[in-house]
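Student: the following block contains a protein sequence and its predicted model.
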Amino acid sequence: MQNKFHSAAYWLPFLAISLWCSSCAPSRFYTPNTMQVPVLTGAREGTVSGGISKGGDHTGLEAQAIYSPLPHLGLMANYFNVTSKTSVLTEFSSSFFESTCTSKASFAEAGLGGYYPVGPSKEYLLSFFAGMGVGKMKNSYSAPPDPPNTEPYVSDWRYQRWFVQPSLSLKYRRFQVGTGLRLVWVSFLDGNINSRMGLFETERIQLLESSSPMFLTEMAWSLGWRLNPFVIGLNSTSVVRGNNTLRDLDLATNYVSVSLGVNLHELKKGKK
Amino acid sequence: MKKLRIALPLFGLVLLAAACNKKADFNYYYYEPEDYALLTQYLDLPETPHDYRAELPKHISSLGLTTRQVDQDKAILGRVLFYDTKLSKDGTISCASCHKQELAFADNAKVSQGVFGRAGDRNSIALGSVLNFSAYYGTDVFGASGIPFFWDNRAGTATAQNIASMTNPKEMDMSHSDIVAAVQAQPYYEPLFRMAFNSGQVTSERVSEAIAEFVNALGSYKSKFDKEAEKEIGYQVYYNSEYKDFANFTTQENRGKKIYLDNCSSCHSPTQSRPAKLQANNGLDASTTDEGVGGVTKFSLDMGTFKVPLLRNIALTAPYMHDGRFQTLEEVVEHYSTGVKNHPNLSEELRDFNGAKQLNLSADDKQALVAFLNTLTDQEMQADVRFSNPFK
């Protein structure tokens, strides 16, 4: 087991598949954040982490924290801020052209849940968290070259997301692995859409609006290498899109991140 | 721990219930808010603009006829210009004065009245007699220049036609500078020009281009005939399937269709897609009373010949012929039945060994033919808000 974990050949396929999948689909309309798989063993334990991420065409920064104030009870908070620049084949005044779409999204959420260590040495951790977050997305589409010097057309909206996530993690020596299932309901709230960006894109956004609230199933796995009090993590979250309507939307299918975390309890221990 | 086991699933359920109740509320806008506030003082323009895309039915598209792309912003501007009476010398005449939507963009006067009550020379041509203006007059089998305009085919492009009508003393009687001044005087044109041309600069060419774009969006292909033809002919237009009886036609309409195909379609098109001939003399008079195309080309063979119109919405476009001499379809049918004159340039299709060919239709045949012509009316186009007067 230890040898396997130490072997790059064991890690690399996961890494390669994640990076490959993260480029599979455009993600102007929605991209998931990294699912935080809790690795807690008792009260007053906590971790804060930051990382860089990529989902669809988005790249960005993430911050995550989890803390257990009481035995079996956990609180988590996640934040991300991503940007992307994509080429969108759209139609403006009935003529087709390639528009550059610059997207910015930020999202913050908080969750509450329980965890329960199991296994002969309590090395496994079962957890169940639920929570809610709010985010906003802004897409700026470059106007067609003719006529020149036209301001970009902007669409922006706010959304909220509710989630429930059962997960399982394992600590083994210097490593920790986790996997989880996250069921999310994404509700788009209000938005302002400049329909001059083109009918095709406007129709897609109308489809997005009519699909709200969207139910998405997301699956995640994470690998962590603990160098107390730090944890270097590689995380992947994939969206399993449901019906055809959802597939017609521009949703990212995969999101990966590399993170550096600090185990607060380990840090405290070290100081003592 | 027990409390947690109960509390957490409950918490999840509450979240689920809350999540399912949210409905998105997106505000779609096309105009900048201050532009829209100004425009809506004068105009009834929807916040999200009309979609001017056209989708031709199978029995038309299978002929290779396609619609030209219409510039949305120019079409919006063109619609306003089309209905604006300020573009005429006395401020009473717009394009729509002689091309009325409820009449398939034709006029019910023998010859239309222009500024200061001046009478025009010929009957107003129905813009709604074509299945789609951009398909008909755009790039198609007739060549890049498309089908020419006016009864005498004197304008090669829609923009040339617009300018000719606006500057015609019997129509709108405007000079190029008059047009520019009239447009510049109206505050609602600045944002519309800016959106269409990215500058508020007004030129008569831009005015004409925008009107042409709006006219290019006109489409009429939802008549009873079209609905049946799409179903019964579909993609089989090259197999004489137009002769098949249409299921939802009456016996009389189907009979009229056969008479039409046998006697009229060689000029006016079997499927009302495009005319088979650009010009013809149809024997209205034995000698030339109006030179028509010949007045433009000066060729003797063109004297007394005129544009061959399509017959879409023909029931709405009375009076008929270039001079509006016939008030009813019955009179038109009677002309082809017994009244064709032997003009020197009479079309071959209307000739036989004795000179002018008379169809000699029976009374039932005439009624059947008129019944068929009535199936060419597209009621949807006459009520289509995209083509309606935008002024409040």
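Tutor: Done, it's in.

Student: B:K392: neighbouring residues, count only.
Tutor: Using other C-beta atoms under 10 Å in any protein chain shown, B:K392 is surrounded by 9 other residues. (C-beta placed from N, C-alpha, C; glycine too.)

Student: excluding chain neighbours, what is closest to it?
Tutor: Counting by C-beta to C-beta, 6 or more residues apart in numbering or on different chains, B:K392 lies nearest to B:D44, which is 5.5 Å off, once chain neighbours are set aside.

Student: show me where the stretch 51-200 of chain A has strands.
Tutor: Secondary structure of the stretch 51-200 of chain A by DSSP state E, counting those that start in this stretch: the strands cover A:58-70, A:73-92, A:95-118, A:124-141, A:153-172, A:175-194.

Student: any chance of these in CSV, plus mean neighbour count?
Tutor: Shown next, in CSV, are the strands of the stretch 51-200 of chain A (neighbours: other C-beta atoms under 10 Å in any protein chain shown):
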stretch, mean neighbour count
strand A:58-70, 19
strand A:73-92, 19
strand A:95-118, 18
strand A:124-141, 20
strand A:153-172, 20
strand A:175-194, 20
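
Student: to B:D352, which of these lies closest?
Tutor: Between B:D352 and the strands of the stretch 51-200 of chain A, the tightest spacing by C-beta to C-beta is seen for strand A:95-118, at 50.4 Å.

Student: packing partners for the closest one?
Tutor: Packing partners of strand A:95-118 (3 or more C-beta pairs under 8 Å, 6 or more residues apart in numbering or on different chains; DSSP states H and E): strand A:58-70, strand A:73-92, strand A:124-141, strand A:153-172, helix B:2-20.

Student: change it to 6 Å
Tutor: Applying 3 or more C-beta pairs under 6 Å, 6 or more residues apart in numbering or on different chains; DSSP states H and E, one finds that strand A:95-118 contacts strand A:73-92, strand A:124-141.

Student: how far does it sit from the chain's center?
Tutor: 5 Å (C-alpha atoms, centre = their mean, to the nearest Å).

Student: neighbouring strands - and their directions - for that strand?
Tutor: Sheet pairing here is set by DSSP bridges, and for strand A:95-118 it gives strand A:73-92 (antiparallel), strand A:124-141 (antiparallel).

Student: need the helices and strands packed on strand A:95-118 in JSON lines (columns: mean pLDDT).
Tutor: What follows is the helices and strands packed on strand A:95-118, written out as JSON lines (pLDDT from 0 to 100):
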{"stretch": "strand A:73-92", "mean pLDDT": "87"}
{"stretch": "strand A:124-141", "mean pLDDT": "94"}
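
Student: a markdown table for these, including distance to B:D178?
Tutor: Shown next, in a markdown table, are the helices and strands packed on strand A:95-118 (distance: least, C-beta to C-beta, whole Å):
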| stretch | distance to B:D178 |
| --- | --- |
| strand A:73-92 | 33 |
| strand A:124-141 | 39 |
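
Student: so which of these comes closest to A:S238?
Tutor: strand A:73-92 (16.1 Å).

Student: nearest to B:V215, out of the strands of the stretch 51-200 of chain A?
Tutor: Closest approach to B:V215 among the strands of the stretch 51-200 of chain A is made by strand A:95-118 (18.1 Å; C-beta to C-beta).

Student: which stretches of chain A have low pLDDT?
Tutor: Counting by pLDDT under 70, chain A contains low-confidence residues at A:1-27, A:90-96, A:144-150, A:241-247, A:250, A:270-272.

Student: rerun at 50
Tutor: Low-confidence segments of chain A (pLDDT under 50): A:1-2, A:4-5, A:8, A:19-25.

Student: mind listing the helices for the stretch 1-150 of chain B?
Tutor: Along the stretch 1-150 of chain B, the segments classed as helices by DSSP state H, counting those that start in this stretch run B:2-20, B:33-42, B:58-61, B:72-83, B:95-98, B:133-137.

Student: which elements pack onto the fifth one?
Tutor: What that stands for is helix B:95-98. Contacts defined by 3+ C-beta pairs under 6 Å, 6+ apart place helix B:95-98 against helix B:72-83.

Student: buried residues, the helix it packs on. List them.
Tutor: B:Q72, B:D73, B:K74, B:A75, B:I76, B:L77, B:G78, B:R79, B:V80, B:L81, B:F82, B:Y83 (16 or more other C-beta atoms under 10 Å in any protein chain shown).

Student: how near is the last one to chain A?
Tutor: The one in question is B:Y83. 20 Å (C-beta to the nearest C-beta, to the nearest Å).

Student: that residue against B:S94, yeah?
Tutor: Yes. Here B:Y83 reaches B:S94: they are 5.3 Å apart, a contact under C-beta atoms under 6 Å.

Student: walk me through the domains of chain B.
Tutor: When chain B is parsed with automatic domain parsing, its domains come out as B:37-220+B:382-387, B:224-379.

Student: who touches the host helix or strand of A:N235?
Tutor: A:N235 is part of strand A:230-240, with elements assigned from DSSP states H and E. The contact list for strand A:230-240, computed with C-beta atoms under 6 Å, 6 or more residues apart in numbering or on different chains, reads A:18, A:32, A:34-35, A:216-225, A:253-262.

Student: in that strand, what's buried?
Tutor: Of all the residues in strand A:230-240, those buried under the rule 16+ other C-beta under 10 Å are A:F230, A:V231, A:G233, A:L234, A:N235, A:S236, A:T237, A:S238, A:V239.

Student: can you add distance to B:G355 and give the residues you listed back as TSV?
Tutor: Formatted as TSV, these follow (distance: C-beta to C-beta, whole Å):
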residue	distance to B:G355
A:F230	105
A:V231	102
A:G233	96
A:L234	93
A:N235	91
A:S236	87
A:T237	86
A:S238	82
A:V239	79
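
Student: so where's the stretch 201-350 of chain B shaky on pLDDT?
Tutor: In the stretch 201-350 of chain B there are no weaker segments when pLDDT under 50 is taken as the threshold.

Student: so for residue 89, what's the nearest residue that isn't a sequence neighbour?
Tutor: Defaulting to chain A. Distances taken as C-beta to C-beta, 6+ apart put A:E98 closest to A:L89, at 6.0 Å, once the chain neighbours are dropped.

Student: that's the other chain; I wanted chain B
Tutor: Closest residue to B:K89 apart from its sequence neighbours, by C-beta to C-beta, 6+ apart: B:D173 at 4.0 Å.

Student: touching, that neighbour and B:L87? I think so.
Tutor: No. Counting by C-beta under 6 Å, B:D173 does not reach B:L87; the two are 10.4 Å apart.

Student: quick one: which of the two has more around it?
Tutor: Comparing B:D173 with B:L87 by other C-beta under 10 Å, the one with more neighbours is B:L87, at 22 against 18.

Student: distance of the residue nearest to the more buried one when sequence neighbours are not counted from B:K86?
Tutor: Among residues not flanking B:L87 along the chain, B:A182 sits closest, at 5.5 Å (C-beta to C-beta, 6+ apart). Distance, B:A182 to B:K86, using C-beta to C-beta, to the nearest Å: 5 Å.
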